[in-house]
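Novice: Below: sequence and its predicted model.
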Amino acid sequence: MIARPANGDTAGNLLTIDDVIPAPGLCEVDTIELALPLDEAWEVVRHADLADSALIRGLFALRTLPSRIGRRAHDPFTVRIDDLVSTAAHPGFGVLVDDRPREVVVGAIGKVWQADIEFVHVADAATYRAFAEPGFARVAWALRLTRLGPDTTQLDFELRVDATDAEAWQRFRHYFRVIGPASRFIRHRLLSELARRHGTERAEHAQHLPGDELLPDAADQLTHGITIGATPAQIWPWLVQMGCRRGGFYSIDLFDNAGRRSAREIHPELQQIRVGDIVAATPDGDDGFEVLRAEPNQVLVLGGLYDPDAAEQLRFSDERPERYWQVTWAFVLHPRADGTTRLVVRARAAHDPSKRFHARWIRPVHHLMQRAQLRNLAARAEGSAGNDDWRDVATGVGGAAVIAAALFTPFLRPARSHWGVDAATAEGVLPGDDLVAEPRWQWTHGIEIDAPADAVWPWVAQIGADRAGFYSYQWLENIPGCDVRNAETIHDEWAAKSGDGLLLHPKMPALPIVHVEPGRCLVAHAAPATGADRGHGPWADASWMFLVEPLGDERCRVISRYRVATSDDFRTRLQFGPVLLEPIGFAMDRRMLLGIKERAERANAPR
């Protein structure tokens with residue numbers, strides 16, 4: 001065990017988990033806040049029993065059962081750092097770093113994938129780091145405390161793992177695929193128990209928040225909070241655009257947004273909100289949350305007064321009917337000196353006696369939904385939300401099925417080649433045709449959109465892997481590393497210009513955009529290398545054209561045409577020919593046109 005010297009000289013000492021396992025193969029961090037001064041938080045974390053839960057004790061006991069079988073006496077099972085001692089006779093987890101009141105690191109070396117783990121005893125952190133015998137994993141976890149204020153402390157629980165050789169790492173990876181979910185569950189339960197007893201939410205629940213005065217006789221109250229790595233000004237736009245038929249609620253969309261994905265971008269057209277507005281709570285109907293207070297970057301309070309007998313929403317300030325349900329939902333932003341923000345959310349409800357059962361069952365539902373909302377909201381504001389979620393995977397699987405169906409039905413290729421347009425349009429001359437005058441094959445796809453051409457064009461003009469994506473099967477595009485996220489809004493700075501490139505994949509050269517007629521068409525052309533002799537050697541010549549045609553003041557049609565000519569060698573014809581490329585192109589291009597239609601019509605719909 002190594003502690004920080006009294007004089008603060010850290011030279012030659014291993015004092016953090018960074019020194020114990022400097023280059024981990026696995027690193028996972030979970031964070032909570034404690035409503036305790038730093039020294040008190042240290043006493044709780046360093047010396048208290050962290051497994052104050054029968055479930056956690058049971059899970060730990062189950063994992064260590066093989067090593068405990070055969071022992072006649074069993075000590076009461078605890079998760080107390082003071083009890084973690086490794087000796088030559090009984091090797092296992094031991095304290096490696098004890099830096100009061102900042103960090104304690106616990107570690108072990110062993111073959112953790114075995115039912116009865118074979119541990120190796122190490123005397124100190126330096127020995128731990130230097131251990132290199134093949135066939136072992138090094139596992140360490142740190143509890144790190146950071147002072148946020150006089151009575152607030154941040155606790156980071158960081159897990160790190162590496163191995164002494166490649167074979168041991170592979171064994172650990174296979175093991176962690178199975179045990180990882182249980183490991184994360186235990187860590188989250190440990191932290192949840194600490195948060196329940198000492199978390200900032202417990203203290204915040206007793207504090208007065210803006211909006212409380214609007215419902216002074218509330219019978220029920222739930223308070224949740226999260227610290228977000230963003231400023232209030234960065235978080236506020238996400239709050240303002242909440243609501244069904246708006247940006248969603250960032251919670252479990254299947255339950256509160258009719259399955260439609262909550263926004264993953266800030267939508268400029270949804271940034272205007274005023275006191276008295278109604279934020280829709282359901283996909284259909286006009287009832288929802290009334291805006292009661294809106295102070296930019298500080299406070300947003302929503303609420304509602306509902307008459308269940310008349311099945312209608314009243315103004316919040318109206319007289320309560322005999323049977324009623326009245327709520328407030330407050331979002332309060334507290335900026336911090338380190339650039340983060342504490343977002344505290346409080347729901348309060350008042351109701352007549354007949355609604356007591358409703359209030360009882362709605363509490364756990366609200367808790368579940370509110371937790372999900374805060375996690376997802378934080379990920380969006382911090383920019384850490386992943387590109388693909390379960391919807392992208394599900395639609396991608398459907399897209400793969402379309403590709404497979406097209407691959408095994410080459411006899412339907414002529415029909416697919418003009419999906420969405422008639423044969424005359426498919427055979428007609430369109431802009432860019434002269435670039436590939438004699439194509440070996442082509443497609444011409446189209447779709448009609450209930451929006452004016454000038455409103456649809458910006459969606460077309462920003463297509464590209466490095467810009468708005470392709471509005472298609474995003475998950476399928478990301479499997480080979482395209483790293484796209486299909487845009488939900490128009491970004492004027494992404495509009496294509498002649499001379500730009502249309503990027504299909506980060507590792508492929510962009511298709512030169514050779515012609516742009518703003519509001520009407522865009523043509524990209526990948527020509528053979530300059531000076532190439534088409535009579536000798538492999539070559540390919542391809543063009544991709546997008547055309548927006550008005551069909552009246554409020555309707556238009558988007559046409560996508562792809563043309564390709566190639567040399568006669570087998571490899572080039574296989575790579576650029578219709579056998580493989582047409583099924584993929586049909587599925588992706590069709591979905592792209594549908595994606596443009598969905599976005600343009602949604603943006604053009606009256607709100």
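Specialist: All right, it came through fine.
Novice: tell me the centre residue of the chain?
Specialist: Geometric centre of the chain, nearest residue: residue 385, 2.8 Å, by C-alpha atoms, centre = their mean.
Novice: That one is in what secondary structure piece?
Specialist: Assigned by DSSP states H and E, residue 385 belongs to no helix or strand.
Novice: For the nearest residue to it once chain neighbours are set aside, which three-state class applies?
Specialist: Among residues not flanking residue 385 along the chain, residue 379 sits closest, at 4.1 Å (C-beta to C-beta, 6 or more residues apart in numbering). Heads up, the C-betas are built off the backbone N, CA and C, glycines and all. When classified by DSSP: H, G, I helix; E, B strand; the rest coil, residue 379 comes out as helix.
Novice: now residue 379: how far from residue 250?
Specialist: Counting by C-beta to C-beta, to the nearest Å, the separation of residue 379 from residue 250 is 9 Å.
Novice: Between those two, which is the more surrounded one?
Specialist: In terms of neighbours (other C-beta atoms under 10 Å), residue 250 is the more surrounded of residue 379 and residue 250; the figures are 27 against 15.
Novice: give the contact list for the more buried one.
Specialist: 238, 242, 262-263, 372-373, 376-377, 380 (C-beta atoms under 8 Å, 6 or more residues apart in numbering).
Novice: Try it again at 10 Å.
Specialist: Listed by C-beta atoms under 10 Å, 6 or more residues apart in numbering, the contact set of residue 250 reads 238-239, 241-242, 256-257, 261-264, 372-381, 385.
Novice: Residue 185 looks like it's in a helix, true?
Specialist: Yes - applying three-state DSSP, one finds residue 185 inside a helix.
Novice: Around it, count how many other residues there are.
Specialist: For residue 185, using other C-beta under 10 Å, the count is 13.
Novice: Next: residue 488.
Specialist: Neighbour number of residue 488 under other C-beta under 10 Å is 17.
Novice: hang on, it packs against residue 603?
Specialist: Yes - Residue 488 lies in contact with residue 603 (C-beta atoms under 10 Å); the separation is 9.3 Å.
Novice: where do the contact lists of those two overlap?
Specialist: Common contact partners of residue 488 and residue 603 (C-beta under 10 Å, 6+ apart): residue 267.
Novice: where does the residue nearest to the centre of the chain fall, phi/psi-wise?
Specialist: Backbone geometry at residue 385, expressed as degrees, to the nearest 10, gives phi -70, psi 140.
Novice: got a list of what it touches?
Specialist: By C-beta under 10 Å, 6+ apart, the contact set of residue 385 is 250, 264, 375-379, 485.
Novice: Show the buried residues in the residues you listed.
Specialist: In those, burial by neighbour count holds for 250, 264, 376-378, 485, counting by 16 or more other C-beta atoms under 10 Å.
Novice: what are the ranges of the strands in the stretch 1-150 of the chain?
Specialist: 26-34, 94-99, 103-111, 118-120, 137-149 (DSSP state E, counting those that start in this stretch).
Novice: next one: the stretch 251-400 of the chain
Specialist: 278-280, 288-295, 299-307, 312-314, 325-335, 341-351.
Novice: Can I get those strands in JSON lines including mean neighbour count?
Specialist: Below are the strands of the stretch 251-400 of the chain laid out as JSON lines (neighbours: other C-beta atoms under 10 Å):
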{"stretch": "strand 278-280", "mean neighbour count": "18"}
{"stretch": "strand 288-295", "mean neighbour count": "19"}
{"stretch": "strand 299-307", "mean neighbour count": "21"}
{"stretch": "strand 312-314", "mean neighbour count": "16"}
{"stretch": "strand 325-335", "mean neighbour count": "21"}
{"stretch": "strand 341-351", "mean neighbour count": "22"}
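Novice: Domain ranges for this structure, per the record?
Specialist: The chain is divided into the following domains under automatic domain parsing: 17-200, 207-382, 390-604.
Novice: would you list these in TSV and tack on mean pLDDT?
Specialist: Below are the domains of the chain laid out as TSV (pLDDT from 0 to 100):
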stretch	mean pLDDT
domain 17-200	85
domain 207-382	94
domain 390-604	94
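Novice: how much space between the residue nearest to the centre of the chain and residue 266?
Specialist: Separation of residue 385 from residue 266 (C-beta to C-beta): 13 Å.
Novice: same deal with residue 598?
Specialist: 19 Å.
Novice: coming back round to it: now do the shared contacts for residue 379 and residue 250.
Specialist: Common neighbours of residue 379 and residue 250 (criterion: C-beta under 10 Å, 6+ apart): 264, 385.
Novice: Can you show me the helices along the stretch 301-450 of the chain?
Specialist: Under the criterion DSSP state H, counting those that start in this stretch, the stretch 301-450 of the chain contains helices at 356-382, 390-407, 413-416, 423-427.
Novice: Could I get the ones you listed in TSV, plus columns for distance to residue 206?
Specialist: Formatted as TSV, the helices of the stretch 301-450 of the chain follow (distance: least, C-beta to C-beta, whole Å):
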stretch	distance to residue 206
helix 356-382	18
helix 390-407	38
helix 413-416	65
helix 423-427	69
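Novice: hmm, back to that, could you point out which of the strands of the stretch 251-400 of the chain sits nearest residue 33?
Specialist: Counting by C-beta to C-beta, residue 33 lies closest to strand 341-351 out of the strands of the stretch 251-400 of the chain; the figure is 8.0 Å.
Novice: Compute the first-to-last residue distance for stretch 276-294.
Specialist: 10 Å (C-alpha to C-alpha, to the nearest Å).
Novice: Tell me, what's the model's pLDDT at the residue nearest to the centre of the chain?
Specialist: The confidence metric pLDDT takes the value 88 at residue 385.
Novice: Next one: it from residue 392, what distance?
Specialist: 12 Å.
Novice: which residues are common contacts for the two?
Specialist: In contact with both residue 385 and residue 392: residue 485, using C-beta under 10 Å, 6+ apart.
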